[in-house]
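*Asks:* heads up, no residue letters with this:
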């Protein structure tokens, strides 16, 4: 898909799905705004991509950081066409009776409030330009309980509902809201899950996980009209039909 002239903001772009999305969208011709809490990694990636990349240090749990990143996209590239809500954490993995309330709340701030912050900052800019796409990295945990993941399940379920709410409020204004449930992906998050030793997900072999470029390529596909059938909903890479549509093998 040709994204020449389009500008894409990606949260959590320092590693995993976010980093691969930066590369995939840049290869498709897009300007990419890479955001993460750690400046060094996104600075290095921006240098790797070149003049069509901009790195912005951003903590998605802080609205002012997200708004600053959106404004950097507008000032640097003239607008914002796609916002990818990818930043997320799985730690601290813990049963509810022993969970650290502060850590539990921080996960909600990043995984749920961070998605709202991106939507709140990006949508007015997109609306003024006639439209845009807001893509949220979801999870199977949004739809069913997982032992010791109460923070993650609750936050991902909330983020899935934010996608539905955004679609209801903004579809007629040109805003495309879609979620992506990638399944288990070979990223640092899976290493953290593995080390916890809790629940069946931690018992999976590394070879069971899909490569991070698969969801990145799916996110690119979601920017096209073929994905319009899923507006307000989410697509799952566990679905063989979706993999075929995206071109994954």
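*Replies:* In hand now; what should we look at? Everything quoted here is computed from the prediction, not taken from an experiment.
*Asks:* CA atoms for contacts and neighbours, from now on please.
*Replies:* OK.
*Asks:* where's the most centrally placed residue in the chain relative to residue 228, distance?
*Replies:* Centroid-nearest residue in the chain, with CA atoms, centre = their mean: residue 86, separated by 1.9 Å. Plainly put, residue 86 is 20 Å away from residue 228 if you go by CA to CA, to the nearest Å.
*Asks:* swap in residue 155?
*Replies:* 25 Å.
*Asks:* more crowded one of the two?
*Replies:* residue 155 (26 against 14; other CA atoms under 10 Å).
*Asks:* what sits against the more buried one?
*Replies:* By CA atoms under 8 Å, 6 or more residues apart in numbering, residue 155 lies in contact with 107-108, 111-112, 142.
*Asks:* need the contact partners of the lowest-mean-pLDDT helix or strand in the chain.
*Replies:* Least confident element among the helices and strands of the chain, by mean pLDDT, DSSP states H and E: helix 188-196 (a mean of 79). Applying CA under 8 Å, 6+ apart, the contact partners of helix 188-196 are 16, 89-91, 93, 184, 201-204.
*Asks:* buried sites along the longest helix belonging to the chain?
*Replies:* The longest helix of the chain (DSSP state H) is helix 150-170. If you call a residue buried by 16 or more other CA atoms under 10 Å, then helix 150-170 has these buried ones: 150-164, 166-167.
*Asks:* what does stretch 34-42 give?
*Replies:* So for stretch 34-42, counting by 16+ other CA under 10 Å, buried means 34-37, 41-42.
*Asks:* where exactly do the helices run in the protein?
*Replies:* Going by DSSP H, the chain shows helices at 16-27, 39-49, 63-77, 101-108, 114-129, 150-170, 188-196, 213-221, 240-246.
*Asks:* closest to residue 4 out of those?
*Replies:* helix 16-27 (8.8 Å; CA to CA).
*Asks:* how about the closest one: buried residues?
*Replies:* Buried positions in helix 16-27, judged by neighbour count with 16+ other CA under 10 Å: 16-26.
*Asks:* residue with max distance from the center of the chain?
*Replies:* The outermost residue of the chain, judged against the average C-alpha position, is residue 97 (29.4 Å), by CA atoms, centre = their mean.
*Asks:* quick one: the longest helix of the chain to chain centroid distance?
*Replies:* Chain-centre distance of helix 150-170: 12 Å, with CA atoms, centre = their mean, to the nearest Å.
*Asks:* I'd like the average pLDDT over it.
*Replies:* The average pLDDT within helix 150-170 is 97.
*Asks:* what pairs with residue 210 across the strands?
*Replies:* residue 185 (DSSP bridges).
*Asks:* residue contacts, it?
*Replies:* By CA under 8 Å, 6+ apart, residue 210 lies in contact with 183-186.
*Asks:* what about 10 Å?
*Replies:* Each residue near residue 210 by CA atoms under 10 Å, 6 or more residues apart in numbering is listed here: 182-187, 237-238.
*Asks:* repeat for residue 77
*Replies:* Neighbouring residues of residue 77 by CA under 10 Å, 6+ apart: 5-8, 31-33, 52-54, 71.
*Asks:* wait, isn't residue 180 in contact with residue 236?
*Replies:* Yes. Using CA atoms under 10 Å, residue 180 makes contact with residue 236 at a distance of 6.0 Å.
*Asks:* how far away is the nearest residue to residue 166 once chain neighbours are set aside from residue 104?
*Replies:* Ranked by CA to CA, 6 or more residues apart in numbering and with sequence neighbours excluded, the top spatial neighbour of residue 166 is residue 177, at 6.5 Å. Separation of residue 177 from residue 104 (CA to CA): 27 Å.
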